[in-house]
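Asks: Provided below are the primary sequence and the corresponding predicted coordinates.
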Amino acid sequence: MTMGKIKVKARLSPGSSILLLLLLLVQSLRGIPVKAAPVPDSIQSSFNKLAGRYHSGLISDSDYLNQCCHYTSALLASGVFLSDRELSQQLRLFRTIAWGGERYKGFKNRYYTMLANQAQMAGRGGAMLYYAEKLESMDRQNNYPPIAALAVKADFYRERKAYNKVKKIYQEQKAHFATMPEDSRIEAKNLVQAMIYLEKTNEAISKLQDTATSAEIYALMDRIAGAIKSRNSKDPVYEAYAAYCMARALNYYAVAGKNIPLREEAILQLGQLQQKPGIPETLKAYAAQTFIEMKIAYYADMQQADSLSYWLDAYESRPNTGTDYDTRDYIKSKRAKACLLNGDTAAGLALLYESAELAEKSRGEMLQDIDGMLYAHAHAEEKELELAVSAGKVKQRTMLVVLVCCLSACILIGLQAYFYRSRKVLRKRIRQLGNTVDLQVGLLEEFKLIARQEEQQRISRELHDEWSPGLASALHQAGFIAQDTRDESIKPALDRLKEQLNYTYNSLRNFSHRLYHVQDGVADHLFENRIRDIINQAFPSSHFTKKVLIADGTMMYINLDARIELLRMLQELLINIIRHAAAKEVAVLLYEENGSVTLNITDNGKGFDVQDSLSWLDGKGMGLPSVKARSEALKGILTIESGKGGTSVTVVFPATLHSLSH
């Protein structure tokens, strides 16, 4: 089986390593155990010791970078992974060196490869795909075909059964791979990396039953394997990995074409690979794992129940067989098939039901991961918008400060300093008064109290309306039974039952009543405190005399919307007092009378001409026009009285029962 040569020049990133390539094989094997935990002290200590040796001058930059790669690879090979944040923290020195100059730019590729492998082992598909795209971007900037990134992407889409996407990526990139066997500049380890990608791609292609493309990929892998053998005469490791990939690819091709002899040949090749001398123990373990999985799939398709059960036992007895949902689903489904082949329909259906439950749990975990990714994406977008808005505000404020500074240079220093200080104090007080964050926090606290009270009242109503009648009925029935029975031996027991039911009924009613009224007045008290806090913020100094009188029970006649408008009106009126009145005494009165709520604010400031103000009271600005608009929104009446002795502003609006109190 041959392919025409396509003359396209290709070069691979020189920073790749076979220890990193090995990690791409791990996820493709079912059942490798993974341990999720915070960074253990031993791992933290190992990274710290490595950094200490580097800072002490015992190892060079390149030695430190290579040892970090080897240690991180060893962690994954032993089934230990760290979160993205944890690994990034451990690799901060690695990143500093790799990004420190052109000399170590190849290690930038390794940095993202380590992060991608960690995310892949942990099942964090979104993070893995992100790091794969970073790898692809870096390789394209250096005119390298992005093989490492392609392998990660292929594995990502293959696990999610997006086989057409895997095929599309291969169709776009196959011209690069077709030239690799004849390109003498490409090293054997890079050819092995290409074979890993092609083997993963062939697995996805086999699921599509595309035998033509599967045969094409297998033929290309055969050519690459020959190139590896010719360029690597001393070290048999690369050749062994190539043989491993070829056996897996042959099996996928045979499954797609339903070719039994080729499947048997693939199984035989894997069995022989385990017996070859000089094979790394890790690869030998992977080959043994894959060998058993091929046997299971083969005997399942051949409908040989006894052989299938034998190899399933062998699979479960392996010490590194995983306990995750996917692995257990795989075992249950194969056990079910063995039972059905043996005619044990009941056991087979039971196992299929367990398999379906495990598959649903696995799907649930995936949906949780997706929800987490979407949440993180939305959160990042929101933060980006907030930063953009903040940057615009900072820019505007900076320009304002520069303008003020330029104008202040034209005015006498002493006078300008005095007025600047006065404006600064006023702005601070107004900004504190108009702090919407505090207002929103107060409203949220009130919402929380409302929700808590409503839930308690709902529970109270359920206890009162649903459980109490049932207990009362049981109490009456027990009384009827005690009266009608002629058996004197059970009458004492019935009397005790009546007493217990009566005690339970009364306790339940009392509890429901206490629960219904437990939070009365808490939210009202909180809102009253909010009014006092606003006044204290507006007039923080002890030089001011502040009087606040809120009549008992007034809050129950002010609903949530009216409370918000009330706070806004109070805010505007206090700002007017600060800006214009120069008052030393402020009094706030709030009460309910005859179905109306009255808010009165009085100060002893210099006052103003109310008649002159009527012309602009209907305007659209802030201050009194805003107070008038808000009072009208409450269907209220605004009254203003002012003179030399001060100003009195009164707002009267209809009372509305608050849902928390009623």
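Replies: Nice, I can see it.
Asks: just checking, what packs against the host helix or strand of Ala347?
Replies: Here Ala347, judged by DSSP states H and E, is contained in helix 345-408. Judged by 3 or more CB pairs under 8 Å, 6 or more residues apart in numbering; DSSP states H and E, the packing partners of helix 345-408 are helix 125-141, helix 325-341. No exception for glycine: its C-beta is placed from N, CA and C like everyone else's.
Asks: okay, the angle between it and helix 125-141?
Replies: Here helix 345-408 runs at an angle of 60 degrees relative to helix 125-141 (axes from the mean of the first three to the mean of the last three CA atoms, to 10 degrees).
Asks: tell me which residues touch Arg568, please.
Replies: For Arg568, the residues meeting the contact criterion (CB atoms under 8 Å, 6 or more residues apart in numbering) are 626, 630.
Asks: mind listing what's buried along the one helix or strand it maps to?
Replies: With elements taken from DSSP H and E, the one containing Arg568 is helix 560-576. Going by neighbour count (16 or more other CB atoms under 10 Å), the buried part of helix 560-576 is 560, 562-563, 565-576.
Asks: can you list the strands that the next helix or strand along the chain from it pairs with?
Replies: Read in the C-terminal direction, the helix or strand following helix 560-576 is strand 585-593, with elements assigned using DSSP H and E. Paired with strand 585-593 in the same sheet, following DSSP bridges, are strand 545-550 (parallel), strand 596-603 (antiparallel).
Asks: hmm, who's touching strand 585-593?
Replies: With CB under 8 Å, 6+ apart as the criterion, strand 585-593 contacts 531, 535, 538-539, 544-551, 553-554, 557, 570, 574, 577, 597-604, 646, 655.
Asks: related to what we said a few turns ago, which one of the helices and strands packed on helix 345-408 has the poorest average confidence?
Replies: Mean pLDDT per stretch puts helix 125-141 lowest among the helices and strands packed on helix 345-408, at a mean of 75.
Asks: how about that helix: buried residues?
Replies: Applying a neighbour-count criterion of 16+ other CB under 10 Å, the buried positions in helix 125-141 are 125, 127-136, 138-139.
Asks: that helix packs against which elements?
Replies: Helix 125-141 packs on helix 106-122, helix 147-159, helix 345-408, going by 3+ CB pairs under 8 Å, 6+ apart.
Asks: CA-only coordinates of it in PDB, if you can.
Replies: Listed in PDB are the C-alpha atoms of helix 125-141, where the atom choice follows Å, rounded to 0.1, in the frame of the first residue of the first chain:
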ATOM      1  CA  GLY A 125     -10.900  19.100  28.600                       C
ATOM      2  CA  GLY A 126     -11.300  22.800  28.300                       C
ATOM      3  CA  ALA A 127      -8.000  23.600  29.900                       C
ATOM      4  CA  MET A 128      -6.300  20.900  27.800                       C
ATOM      5  CA  LEU A 129      -7.700  22.400  24.600                       C
ATOM      6  CA  TYR A 130      -6.600  25.900  25.600                       C
ATOM      7  CA  TYR A 131      -3.000  24.800  26.200                       C
ATOM      8  CA  ALA A 132      -3.100  22.900  22.900                       C
ATOM      9  CA  GLU A 133      -4.000  26.000  21.100                       C
ATOM     10  CA  LYS A 134      -1.100  27.800  22.800                       C
ATOM     11  CA  LEU A 135       1.200  25.100  21.500                       C
ATOM     12  CA  GLU A 136      -0.200  25.400  18.000                       C
ATOM     13  CA  SER A 137       0.200  29.100  18.000                       C
ATOM     14  CA  MET A 138       3.800  28.900  19.100                       C
ATOM     15  CA  ASP A 139       4.700  26.200  16.600                       C
ATOM     16  CA  ARG A 140       3.100  28.200  13.700                       C
ATOM     17  CA  GLN A 141       5.100  31.300  14.700                       C
END
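Asks: that helix to helix 106-122, inter-axis angle?
Replies: Helix 125-141 and helix 106-122 are oriented at 160 degrees to each other (the same axes, to 10 degrees).
Asks: quick one: distance of stretch 389-409 to the chain centre.
Replies: A distance of 37 Å separates the C-alpha centroid of stretch 389-409 from that of its chain, computed with CA atoms, centre = their mean, to the nearest Å.
Asks: let me fix that: stretch 51-65
Replies: Computed by CA atoms, centre = their mean, the chain-centroid distance of stretch 51-65 equals 36 Å.
Asks: run through who's touching it.
Replies: 50, 67, 93-94, 97-98, 103-104, 107, 110.
Asks: so who does the residue lying farthest from the centre of the chain touch?
Replies: Among residues of the chain, the one most distant from the C-alpha centroid is Arg486; the distance is 68.9 Å, by CA atoms, centre = their mean. Counting by CB under 8 Å, 6+ apart, Arg486 touches no other residue.
Asks: again with Leu407
Replies: No contacts exist for Leu407 under CB under 8 Å, 6+ apart.
Asks: would you mark the buried spots in the host helix or strand of Leu308?
Replies: Assigned by DSSP H and E, Leu308 belongs to helix 305-317. Counting neighbours by 16+ other CB under 10 Å, one finds that the buried residues in helix 305-317 are 305, 307-309, 311-312, 315.
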